[in-house]
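Below: sequence and its predicted model.
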Amino acid sequence: MRPPRFLGVPFELGRPFGAPNRPEFQIRVLRAALELLERQDGPPILEDFPEDAPAEKTDSEAAWACPVQFVIDQEDQPERLRPVLAEIEQLKPWHEVYVESRGRAAPSVSGLELIQVVRLLGELAEGNPAPETASKLELREVVRLGCDDLRTWYTEATLGQPGRRTAQQINEWFWTETAAAYLIAAAAAELAHHEDPWLRVLAARAMVPRGYRERLSSGLKQSKGPQP
């Protein structure tokens with residue numbers, strides 16, 4: 001897009017000001033964006049907002065959790081993908097509940113099926129710089145949109161379960177408790193050295209939210225993420 005000024009915010013997609021009903025925080029985000037207009041050291045001027053979104057208020061003080069146990073046999077699949085595929089199998093019934101209650105699921109923005117996205121990320125995580133994507137889009141677009149598709153599917157699966165949870169709780173669960181998060185982080189770690197500069201930027205800034213990068217990176221070094 002090549003914007004002359006850009007404020008990157010570590011908030012979930014669709015909430016550029018962080019969280020609802022937090023006017024003081026939203027004003028800080030807006031002021032940070034407008035202050036870029038006063039700078040003369042660009043363009044381009046690319047800045048990251050230094051704060052995470054504040055927690056949303058819920059009706060219950062109890063923390064919500066979506067436990068997943070990796071018990072499904074995936075021996076015929078690549079080792080790195082087994083936890084993710086097992087995770088998806090366990091979440092499928094809840095996703096079906098969500099689709100039945102809402103009448104539809106979000107369409108694939110990458111044009112790939114969910115398992116195709118998982119396999120693409122797996123190939124990237126294994127160091128394949130140019131995997132086949134079955135898409136007319138450039139690799140960087142398929143990766144970016146594929147990650148969106150994967151997170152959206154997981155979000156829908158959690159919303160199919162009983163109870164009420166906030167977007168922040170779902171986001172925290174995804175990035176701290178799922179094998180899918182480790183797969184995305186592993187792919188991002190490999191793409192950080194890709195010959196395509198746009199893929200390097202995508203890996204460094206967009207694939208994993210800033211607040212979770214260090215934790216996921218540490219987990220990858222220790223055990224390569226959750227194991228079955």
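Looks like it arrived, so ask away. Numbering: from 1, shown residues only.

for this structure, where's the lowest mean pLDDT among helices and strands?
helix 210-223 (a mean of 79; mean pLDDT, DSSP states H and E).

Residue 31: neighbour count?
9 (other Cβ atoms under 10 Å). Glycine gets a C-beta too; all of them are placed from N, C-alpha and C.

Could you do the one 3 residues further on as well?
The number of residues packed around residue 34, counting by other Cβ under 10 Å, is 11.

Quick check: which element contains it?
helix 23-35 (DSSP states H and E).

Name the residues that touch that helix?
With contact meaning Cβ atoms under 8 Å, 6 or more residues apart in numbering, helix 23-35 is reached by 7, 9, 16-19, 47, 49, 51, 53-54.

Can you give me the buried ones in the least confident helix or strand of the chain?
212-213, 216, 219-220 (16 or more other Cβ atoms under 10 Å).

Just list the residues touching residue 191, thanks.
Residue 191 neighbours (Cβ under 8 Å, 6+ apart): 124, 143, 199-200, 202-203, 207.

Most neighbours among the residues you listed, which one?
residue 143 (29 neighbours).

Stretch 138-156: which residues count as buried?
139-156.

In helices, which of those appear?
139-156 (DSSP state H).

farthest residue from the center of the protein?
Relative to the centre of the chain, the most outlying C-alpha is that of residue 40, 33.5 Å out, by Cα atoms, centre = their mean.

Checking my notes, that residue in a strand, right?
No. Assignment of residue 40 by DSSP: H, G, I helix; E, B strand; the rest coil gives coil, placing it outside any strand.
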